[in-house]
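Colleague: Quick one, structure for this:
(one chain, ligands or ions: 1)
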Amino acid sequence: MEEKNLLERFEAYVAANKKIEPKDWMPDDYRKTLIRQISQHAHSEIVGMLPEGNWITRAPSLQRKAILLAKVQDEAGHGLYLYSACETLGVERDDTLEDLHSGKAKYSSIFNYPTVSWADIGAIGWLVDGAAIMNQVPLCKCSYGPYARAMVRVCKEESFHQRQGFQIMLTMAKGTPEQKAMAQDALNRWWWPSLMMFGPTDDNSPNSAKSMKWKIKLFSNDELRQRFIDMTVPQAEVLGLTIPDPDLKWNEERGHYDFGEINWEEFYNVIKGNGPCNKQRVETRRNAYDKGAWVREAAIAHAEKREARRKEAAA
Ligand code: FAQ
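Modeller: Below is the predicted model:
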């Protein structure tokens, strides 16, 4: 079939909300956009393990340690589903990881901020997982089958993570004045970076037009950011904490909260690699990859042995 006809058929398929599968014809740009977004999403999950991993041994009780350990493990799992989804598009996992290690590929800006107190673990679960869910629930209905299916399980786990974060914040906010102050301090530091997770404003989002046309993205960056704010403000009220934005105000006419200006200079600085922890995060990932070489080799040797045994038994 001619390229033009293939494209028309592809677009009609997407318009009818059908899923594109790995062996289906797809425009090169669709494939490239998916590889970019899914690999960056996978990198975000595994880099996202680092700020929280930092607190596993220091969590305040055995139960909190066990919960945090399980959450961080879930994030490793999300990274694995996403790298697998990415591989269905014809790229090698090692190449995508190389892009992370060389600084060519991005990962979410949020994971370049430090976790300085236990309350930060609450704020990450409540705000960062909250923002991740807002962005990712629509991805369960995106046009690419393997990505959409991976997202279903990811979102279920993220909603558990969000609740555990809120529960930590609630315990601290209702605790001693010092604990409440720690929770407020964490909210002050994580609020604005959480809003940046949704990406630049729609006017400054070069990838949105194509991604929305192809139903990779179903809602724009600004739409999802607004939804997140509208959902989170009442939750802060339940906690008795103050969102650090003097311009935050319910707008009856719009039916949404108005909010203050995001510091876009900070955002672009962080995604260029100059945030507080960028260098440390990439260095940690690179070391983990190098030190894990023997595990990958052993896993391959084991798989080869099993395959040889299976063939022998079948012969
Ligand atoms: N950080 O044209 P757009 C999580 C880049 S997972 C860094 O608007 P797009 C789980 C963007 O890549 C969090 N870079 O781009 C967890 C592009 O650069 P490029 C990750 C950002 O793709 C929780 C450029 O700016 N979630 O949190 C950011 O249409 C707790 C222009 O931007 C996903 O990856 C940013 N915040 O929209 C784990 C979800 N924003 O690539 C541990 C899937 C933008 O051309 C603990 N991804 N950029 O060089 C998406 O939905 C989209 O990719 C957006 C960006 C919305 C992130």
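
Colleague: mind listing the strands for the protein?
Modeller: Along the chain, the segments classed as strands by DSSP state E run 249-251, 256-258.

Colleague: nearest to residue 58, of these?
Modeller: strand 256-258 (34.7 Å; CB to CB). No exception for glycine: its C-beta is placed from N, CA and C like everyone else's.

Colleague: And the closest one, what does it pack against?
Modeller: helix 221-239, strand 249-251 (3 or more CB pairs under 8 Å, 6 or more residues apart in numbering; DSSP states H and E).

Colleague: quick one: the longest one near the ligand?
Modeller: Yes: Helix 221-239 comes into contact with the ligand when judged by CB under 6 Å from any ligand atom, the residues involved being residue 221.

Colleague: coming back round to it: out of the helices and strands packed on strand 256-258, which is the most enclosed?
Modeller: For the helices and strands packed on strand 256-258, the largest average neighbour count (mean count of other CB atoms under 10 Å) is found in helix 221-239, namely a mean of 17.

Colleague: Tell me which other helices or strands that helix touches.
Modeller: For helix 221-239, the packing partners by 3+ CB pairs under 8 Å, 6+ apart come out as helix 129-136, helix 145-173, helix 177-196, strand 256-258.

Colleague: Of the ones you listed, which stretch is the most buried?
Modeller: For the helices and strands packed on helix 221-239, the highest mean count by mean count of other CB under 10 Å goes to helix 129-136, at a mean of 24.

Colleague: If you average the pLDDT over it, what comes out?
Modeller: The predicted model gives helix 129-136 an average pLDDT of 97.

Colleague: Check stretch 174-194 too.
Modeller: On average, stretch 174-194 scores 98.

Colleague: Relative to the whole chain's centre, how far out is it?
Modeller: 22 Å (CA atoms, centre = their mean, to the nearest Å).

Colleague: again, but for stretch 31-42
Modeller: That offset, for stretch 31-42, works out to 12 Å (CA atoms, centre = their mean).

Colleague: thinking residue 78 is in contact with residue 154, fair?
Modeller: Yes: using CB atoms under 8 Å, residue 78 is in contact with residue 154, at 4.9 Å.

Colleague: Report how many residues lie close to the closest residue to residue 273 other than its chain neighbours.
Modeller: Leaving out its chain neighbours, the residue that sits closest to residue 273 by CB to CB, 6 or more residues apart in numbering is residue 103, at 5.9 Å. By other CB atoms under 10 Å, 12 other residues sit near residue 103.

Colleague: now residue 78
Modeller: 26.

Colleague: show me what contacts the residue of the chain found nearest the ligand?
Modeller: Scanning the chain for the residue nearest the ligand gives residue 48, at 2.7 Å (criterion: CB to the nearest ligand atom). Contacts for residue 48 (CB atoms under 8 Å, 6 or more residues apart in numbering) come out as 75, 107-108, 110-111, 128.

Colleague: measure it to residue 232 for me?
Modeller: 19 Å (CB to CB, to the nearest Å).

Colleague: ditto for residue 149
Modeller: Residue 149 is 28 Å from residue 232, by CB to CB.

Colleague: Check residue 272 too.
Modeller: The value you get for residue 272 to residue 232, if CB to CB is used, is 27 Å.

Colleague: try residue 29
Modeller: When residue 29 is compared with residue 232 (using CB to CB), they lie 34 Å apart.

Colleague: One more: residue 53?
Modeller: Taken as CB to CB, the span from residue 53 to residue 232 is 25 Å.

Colleague: List, one by one, the residues from the stretch 51-200 of the chain near the ligand.
Modeller: Contact residues, the stretch 51-200 of the chain versus the ligand (CB under 6 Å from any ligand atom): 75, 106, 108-109, 124, 128-129, 132, 135, 196-200.
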